[in-house]
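*Asks:* With the sequence up front, the predicted model follows.
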Amino acid sequence: MSNKEEKIVEVATALFSQYGYHAVGVDRIVAESHVAKMTFYKYFPSKETLIEKVLHTRNLQIRNDILDFMSNYPTPLAKLKAVFEWHQNWFQSPNFHGCMFIKALDEYPNVHSSMRIAAKEYKIWLKSIIADQLTAIGGKKAAELSPLVLLVLDGLTINCNLFESSINDQVQNAWRQTQNLLKAVLKK
């Protein structure tokens, strides 16, 4: 990406994250990116192509961040906990305004929308990372919990966006309950 294209994506990511996709117009992105409108359209023929690029870039960034964070932990259970810890760190960052993929699902309800497809792609990846760790912990039986763990993380994302004062407690409780569920499943 060129410097100007990168700046547009960076500014758009921050604005879309905080305000949503429909609430932010091209004029605001252009103004805050300090580029000419012609420059914007040179890189992005439409707002939708920009949103697609933002989601693709965010997807790659989060994947790399989570995998890098997990690499510091030695066991599958510790790696699974690391996913929760990564989310906790994200929730406590000043730029946390909820999940851009959940927002895309909400704002683009058409199942064939490229924004919705990008959101689904990320969620499938996250579920597979969770399933890999659960498989390593307890085989297929444990791996069947991956959709539920993903649901817990999505719920945490929404709750921590609403109730900022109790982020640590929410994440710790969710992790504790996830461990209890995993222990119960593995006993059977």
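*Replies:* Good, I have the coordinates.
*Asks:* can you list the weak-confidence ranges in this protein?
*Replies:* For the chain, residues meeting the criterion pLDDT under 70 lie at 188.
*Asks:* Quick check: closest non-adjacent residue to the residue nearest to the spatial centre of the chain.
*Replies:* Centroid-nearest residue in the chain: C99, 5.3 Å away (criterion: CA atoms, centre = their mean). Spatial nearest neighbour of C99, excluding adjacent residues (CB to CB, 6 or more residues apart in numbering): T157 at 4.8 Å. C-beta coordinates here come from the backbone N, C-alpha and C atoms, glycine included.
*Asks:* From E121, how far out is the one you found?
*Replies:* 17 Å (CB to CB, to the nearest Å).
*Asks:* if you count what's nearby, which of those two comes out ahead?
*Replies:* Shown here are T157 and E121; by other CB atoms under 10 Å, T157 has more neighbours (18 against 14).
*Asks:* ok, and the closest non-adjacent residue to L148?
*Replies:* L181 (7.3 Å).
*Asks:* Give the burial count for the one you found, as a bare number.
*Replies:* 15.
*Asks:* ok, Y41 - contacts?
*Replies:* Counting by CB atoms under 8 Å, 6 or more residues apart in numbering, Y41 makes contact with nothing.
*Asks:* Quick check: next helix or strand after the strand or helix carrying it?
*Replies:* Counting by DSSP states H and E, the element that carries Y41 is helix 37-43. Once the chain leaves helix 37-43, the next helix or strand it forms, by DSSP H and E, is helix 47-70.
*Asks:* after that next one comes which helix or strand?
*Replies:* helix 76-91.
*Asks:* What helices and strands are in contact with that next one?
*Replies:* helix 47-70, helix 114-143, helix 146-162, helix 167-187 (3 or more CB pairs under 8 Å, 6 or more residues apart in numbering; DSSP states H and E).
*Asks:* quick one, which of those helices is nearest to E32?
*Replies:* Each of the helices and strands packed on helix 76-91 has some distance to E32 by CB to CB; the shortest is helix 47-70, at 13.0 Å.
*Asks:* who's in contact with the closest one?
*Replies:* 8-9, 12-13, 16, 21, 25-26, 29, 44, 79, 82-83, 85-86, 100-101, 104, 114-115, 118-119, 121-122, 125-126, 129.
*Asks:* if we can go back for a sec, give the contact list for the residue nearest to the centre of the chain.
*Replies:* 154, 157-158.
*Asks:* which of the contacts of helix 47-70 count as buried?
*Replies:* 8-9, 12-13, 16, 21, 29, 44, 79, 82-83, 85-86, 100-101, 104, 114-115, 118-119, 122, 126, 129 (16 or more other CB atoms under 10 Å).
*Asks:* And the closest residue to T39 other than its chain neighbours, how close does it get to Y21?
*Replies:* Once flanking residues are discounted, T39 sits nearest to K4: 5.7 Å by CB to CB, 6+ apart. Counting by CB to CB, the gap from K4 to Y21 is 21 Å.
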